[in-house]
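Colleague: mind looking at a prediction? Sequence and model below.
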Amino acid sequence: MRIGIQTGYWSRKPPAGIVEALQQAEAAGLDSVWTAEAYGSDAFTPLAWWGSHTSRLRLGTGIAQMAARTPTATAMQAITLDHLSGGRFVLGLGASGPQVVEGWYGQPYKRPLARTREYVDIVREVIARERPVTYDGEFFTLPVGEETPGATGLGKALKPTVHPLRSEIPILLAAQGPKNVALAAEIADGWMAGFYAPSADAEHRELLEAGFARRAEERSRPEDFEVAATIPVVVRDDVEAAADLVRPHIALYAGGMGAKGANFHKASLDRLGYGEVTDEVQRLYLEGRKEDAARAVPTEMVEEVALVGPPAKVRADLARWEQTALTTLLVQGDPASVAVLLG
């Protein structure tokens, strides 16, 4: 199992010391670095900057929001970063949720699975650069015709002027719902999981197999399929003290990263058997009682989705993830904790 670093969202400003930390991670043998975006920093620019200071780390968007860019714009950025990094780029894509898509990007959040299929089709076609790109879908049309309101009818089918370094750039889909997970296995080169718990590994494998069964013959073989998940890692002598640093993270996602009836992160935790807990966490969080929401997260729930505690315990617990379908564990934690994980 490969180990990478998930840098997550920026808060008020760029993370301090990140270039030096990534250089040390590369020297220590880590596989990759991944970025995220919501409605602050974007996922691509940091990879270009940080990637220029490294030579081996894979550079992944984890994730780039599809609503933020047209498929062709995303493909342009992927081609550009792949060239600049010498073929180290990995494109992680996600549909996000209705609060962000409709509130931040001003787009309707409807039929995200169907939209994802079209989006990935177009990205792949641009990167392949075999012919001018045309597409006639429900969500995307290239080029638009004069029947489209506001269009001139002068649109022309084009292909990128830049010749891609690789005709195929790996695409991973972020997914949490059962249908989304199966879709990732069907059309993508990998799956980026949210709140991956070893206790649910059998269910995840079944969903992946269902998707593989519908996979087009020309796509890569399932054994090449990447399964990546972000796992918070906090090494402290006291388990409760370590868990205390993860509780706010879980409370944020279960309580605040999505509308009350459309929170995909909460739904993932619900499927682990914590429905009553997350209901309470969400209630407290939406009432503005964020600290109380964090305190409502039980330690056993933290240990389901994170590695916490003394060094020996963290290393022993890691074995549970090593026996799952995960191929890439993305560590989210302070440098000292990451160092312990690497042994």
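Modeller: Structure received.
Colleague: next, the distance between the ends of stretch 212-219.
Modeller: Start-to-end span of stretch 212-219 (C-alpha to C-alpha, to the nearest Å) is 10 Å.
Colleague: quick one: contacts for the closest residue to residue 280 other than its chain neighbours?
Modeller: Leaving out its chain neighbours, the residue that sits closest to residue 280 by C-beta to C-beta, 6 or more residues apart in numbering is residue 296, at 5.2 Å. (C-beta placed from N, C-alpha, C; glycine too.) Applying C-beta atoms under 8 Å, 6 or more residues apart in numbering to residue 296 gives the contacts 251, 277, 280-281, 284.
Colleague: quick one: pLDDT of residue 296?
Modeller: Turning to residue 296, the model gives it a pLDDT of 97.
Colleague: equivalent analysis for the one 5 residues further on, please.
Modeller: Note for residue 301: predicted pLDDT of 96.
Colleague: where does the protein dip in pLDDT?
Modeller: Applying pLDDT under 70 to the chain picks out residues 343.
Colleague: got the contacts of residue 296 as a markdown table, with secondary structure columns?
Modeller: As requested, the contacts of residue 296 are arranged in a markdown table below (DSSP: H, G, I helix; E, B strand; the rest coil):
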| residue | secondary structure |
| --- | --- |
| 251 | helix |
| 277 | helix |
| 280 | helix |
| 281 | helix |
| 284 | helix |
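Colleague: make a markdown table out of these and add distance to residue 40 and neighbour count.
Modeller: Listed next are these as a markdown table, based on distance: C-beta to C-beta, whole Å; neighbours: other C-beta atoms under 10 Å:
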| residue | distance to residue 40 | neighbour count |
| --- | --- | --- |
| 251 | 19 | 25 |
| 277 | 28 | 19 |
| 280 | 28 | 17 |
| 281 | 23 | 29 |
| 284 | 24 | 19 |
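Colleague: ok, so of those, who is nearest residue 178?
Modeller: Nearest to residue 178, judged by C-beta to C-beta, of the contacts of residue 296 is residue 277 at 20.9 Å.
Colleague: surely that closest one touches residue 300?
Modeller: No. In this structure residue 277 lies outside contact range of residue 300 using C-beta atoms under 8 Å: 9.6 Å.
Colleague: good, we can wrap up now.
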